[in-house]
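**Student:** Coordinates for the following, if possible.
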Amino acid sequence: MVKISFQPVSAQKPDKENDVDKEEVHIHYPHEELVLPLQSKKSRINCLYCLTFGLVVFMSGLVLASIYVYRFYFIAQYSQVPEDVLFNCHMQYEDPGIHAPQHGRQELEENVGIYLQDNYEQISVPMPDFGGSDPADIIHDFHRGLTAYYDIALDKCYVIELNTTIVMPPRNLWELLVNVKKGTYLPQSYIIQEEMMVTGRVRNLRQLGPFIHRLCYGKDTYRLKRRSSSRRRIDRREARECHSIRHFANTFVVETVICERM
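**Tutor:** Got it, this is the predicted structure:
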């Protein structure tokens with residue numbers, strides 16, 4: 001009789017397998033460093049463009065802000081119409097045509113507007129108490145190099161080239177009147193005369209500039225020519241077509257005698 005027997009499976013084998021399962025398996029890999037992707041050359045150029053554009057915008061804003069501050073805080077005090085550019089003036093002067101008992105002393109009143117930014121002066125002369133001179137509005141435009149007289153009594157305008165030898169520029173006249181107002185300077189008290197004659201009518205007022213155009217709009221306007229000093233002085237008793245306007249834009253009074261026909 002043959003006896004067949006089976007060798008029982010050792011109980012240690014499962015234990016070994018369990019031990020293997022319980023063991024921690026460590027697998028070592030080469031050390032890997034975290035590497036950020038490098039920026040491309042194109043992205044650097046774009047960044048540079050953005051930085052440059054931002055700098056340009058900032059500088060442009062700074063320049064515009066500087067211009068604004070300069071124009072509206074420094075120039076505005078001269079170019080607008082506050083009290084510092086409007087003057088009511090009184091000047092006493094000697095008129096050689098008047099004798100005792102007045103002793104030739106006369107007083108001239110006028111309102112002066114000085115516009116430094118536009119480089120012109122506007123003078124308003126009311127009817128004088130003593131007579132002999134017409135009330136007038138006068139503009140000395142240094143930008144155009146012209147002077148305009150609006151004779152209120154005649155309702156006529158007269159235009160001539162600006163005489164810079166007897167009319168102070170706006171800034172100089174402003175400084176003079178400020179000093180007179182402070183009492184630090186008293187103007188000289190004498191009168192000079194300039195003689196003019198009408199040469200023709202002005203048809204296009206726009207060519208005279210905006211300030212004179214506004215003054216003379218709707219009025220008969222004529223051009224003037226200075227009379228030669230070599231000719232005899234005007235006798236107003238003989239030249240009845242002549243009239244005069246007195247004002248001052250300097251340290252003296254100027255009498256402008258305008259003759260329609262000589």
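
**Student:** Show me which parts of whichever strand or helix holds W174 are buried, residue by residue.
**Tutor:** According to DSSP states H and E, W174 maps onto helix 170-182. Across helix 170-182, burial judged by 16 or more other Cβ atoms under 10 Å covers P170, L173, W174, L176, L177, V180. Any C-beta I mention is one placed from the backbone N, CA and C, and that applies to glycine too.

**Student:** So the last one sits against Q92, correct?
**Tutor:** No: in this structure, V180 is not within contact of Q92 by Cβ atoms under 8 Å, at 11.9 Å.

**Student:** residue ranges for the strands of the stretch 51-200 of the chain, please.
**Tutor:** Here the stretch 51-200 of the chain has its strands, by DSSP state E, counting those that start in this stretch, at 86-94, 105-115, 120-125, 136-141, 146-151, 156-161, 191-201.

**Student:** Taking their axis directions, the third one and strand 146-151 sit at what angle?
**Tutor:** Read it as strand 120-125. Interaxial angle of strand 120-125 relative to strand 146-151 (axes from the mean of the first three to the mean of the last three Cα atoms, to 10 degrees): 20 degrees.

**Student:** okay, strand 120-125 in CSV with CA atoms only?
**Tutor:** Extracted C-alpha coordinates of strand 120-125, given in CSV (Å, rounded to 0.1, in the frame of the first residue of the first chain):
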residue,chain,number,x,y,z
TYR,A,120,-1.9,146.0,-25.4
GLU,A,121,-3.3,148.9,-23.4
GLN,A,122,-6.8,150.4,-23.4
ILE,A,123,-7.3,153.9,-22.1
SER,A,124,-10.6,155.7,-21.5
VAL,A,125,-10.6,159.5,-21.2
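
**Student:** Report the rounded mean pLDDT for that strand.
**Tutor:** Averaged over strand 120-125, pLDDT sits at 96.

**Student:** How about the fifth one?
**Tutor:** Across strand 146-151, pLDDT averages out at 97.

**Student:** Direction included, what does that strand pair against?
**Tutor:** strand 136-141 (antiparallel), strand 156-161 (antiparallel) (DSSP bridges).

**Student:** Check what contacts the last one and list those residues.
**Tutor:** Going back to what we said before, that points to strand 156-161. 145-151, 196, 198, 202, 208, 212, 215-216, 219-226, 258 (Cβ atoms under 8 Å, 6 or more residues apart in numbering).

**Student:** Could you list the buried residues of it?
**Tutor:** K156, C157, Y158, V159, I160.

**Student:** what does stretch 111-125 give?
**Tutor:** Using 16+ other Cβ under 10 Å as the test for burial, stretch 111-125 gives V112, I114, Y115, L116, N119, Y120, E121, Q122, I123, S124, V125.

**Student:** for T251, helix, strand, or coil?
**Tutor:** Following DSSP: H, G, I helix; E, B strand; the rest coil, we place T251 in the coil state.

**Student:** That one against L176, yeah?
**Tutor:** Yes: contact criterion Cβ under 8 Å: T251 and L176 qualify, at 7.0 Å.

**Student:** Now for Y149: which residues touch it?
**Tutor:** Counting by Cβ under 8 Å, 6+ apart, Y149 makes contact with A136, D137, I138, C157, Y158, V159, I245, T256, I258.
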